[in-house]
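Visitor: Below are the sequence and a predicted model; questions follow.
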Amino acid sequence: MDRGSRAHQHAGMDAWQALAVGAVFVAAGAVKGITGMGLPTVAVSLLGLWMTPAEAAALLVVPALATNVAQCRGTHLDELAKTLWPAWLALAVVTVLLPVPASAGAVSGDAHRLLGAVLVLYGLWGLWRPRLPLVSRRSRWAGLAAGGVTGAVTAATAVFVVPLVPYLQALRLDKDAMVQALGLSFTVATLALALALRLQVSGSHALLTPGTALALGAAIAGLRLGERVRLRIGAATFQRALFVVFVALGFANLAHGW
């Protein structure tokens with residue numbers, strides 16, 4: 001499929017596709033409302049069942065940025081910037097420099113298999129919840145390594161939780177600092193992904209379309225729903241169930257890629 005036909009297909013979403021995209025982002029927004037994270041992972045893992053990661057990423061950028069804004073606020077910005085700038089720098093540079101699958105002419109099946117593998121590994125890691133070794137906040141090499149690998153995964157799959165989230169957890173941040181660190185880190189990853197799409201496949205995947213407007217509205221609605229549900233259920237129990245879902249979606253994407 002050439003760039004023009006891809007652009008037409010993306011802009012000309014039919015009613016069933018619009019309904020599916022809306023449902024995906026309501027679900028993804030609800031997960032973020034309950035757990036404070038997970039919107040990109042849920043959205044890409046579900047959209048990946050019928051889209052390439054690059055197509056899913058184009059729909060993801062605007063909702064992810066909009067729902068991360070509030071999470072970036074806090075009193076720990078200076079401390080986090082001093083600790084995390086190597087990870088943020090490496091994440092951004094690698095994401096922008098590595099070719100996303102659509103621009104590299106990658107086979108769609110390869111992208112789905114990689115996305116599936118990442119989701120399965122992340123889900124199993126979340127269920128296992130290993131005790132991570134303490135990483136010094138002064139270790140720039142650890143941040144560069146975590147950010148660089150996360151950037152490579154982001155460029156290939158549009159999922160930016162691995163190994164970023166385990167790295168942040170290994171820093172032993174307090175709860176408020178962790179929430180802010182996740183918001184800031186996810187914002188850096190989303191902006192880098194948006195820039196990569198703009199530089200490499202801007203003709204194929206516009207970031208401002210009726211589809212992204214639909215995704216944004218659905219994500220915000222889901223976020224509000226999730227915030228209400230959070231008051232009635234345990235976030236830890238829900239998150240464990242979510243990791244099981246990630247494993248299942250990972251295997252579904254693996255199957256889709258063969």
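Guide: Cool, got the structure.
Visitor: Run through the residues that contact residue 160.
Guide: Contact partners of residue 160, counting by CB atoms under 8 Å, 6 or more residues apart in numbering, are 40, 91, 150, 153-154, 186, 189-190, 193. In this view, the C-beta of every residue, glycine as well, is placed from N, C-alpha and C.
Visitor: got the contact list for the nearest residue to residue 91 once chain neighbours are set aside?
Guide: Once flanking residues are discounted, residue 91 sits nearest to residue 147: 3.9 Å by CB to CB, 6 or more residues apart in numbering. Listed by CB under 8 Å, 6+ apart, the contact partners of residue 147 are 86-92, 94, 164.
Visitor: Would you mind giving me the ChimeraX syntax to select the buried ones in those?
Guide: Only the buried members of those end up in this ChimeraX selection, burial being decided by 16 or more other CB atoms under 10 Å:
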select :86,87,88,89,90,91,92,94,164
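Visitor: residues in contact with stretch 66-85?
Guide: 29, 32, 36, 39, 137, 143, 171, 176-177, 179-187, 190, 216, 219-220, 223.
Visitor: Out of the residues you listed, which sit inside helices?
Guide: Within those, residues falling in helices by DSSP state H are 29, 32, 39, 143, 176-177, 179-187, 190, 216, 219-220, 223.
Visitor: dump the residue contacts of the residue minimising distance to the centre of the chain.
Guide: Most central in the chain under CA atoms, centre = their mean is residue 40, positioned 3.2 Å from the mean C-alpha point. Contacts for residue 40 (CB under 8 Å, 6+ apart) come out as 28, 60, 64, 158-161, 186, 190.
Visitor: Make a ChimeraX selection of whichever of those turn out to be buried.
Guide: Selecting only the buried entries of those in ChimeraX, with 16+ other CB under 10 Å as the criterion:
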select :28,60,64,158,159,160,161,186,190
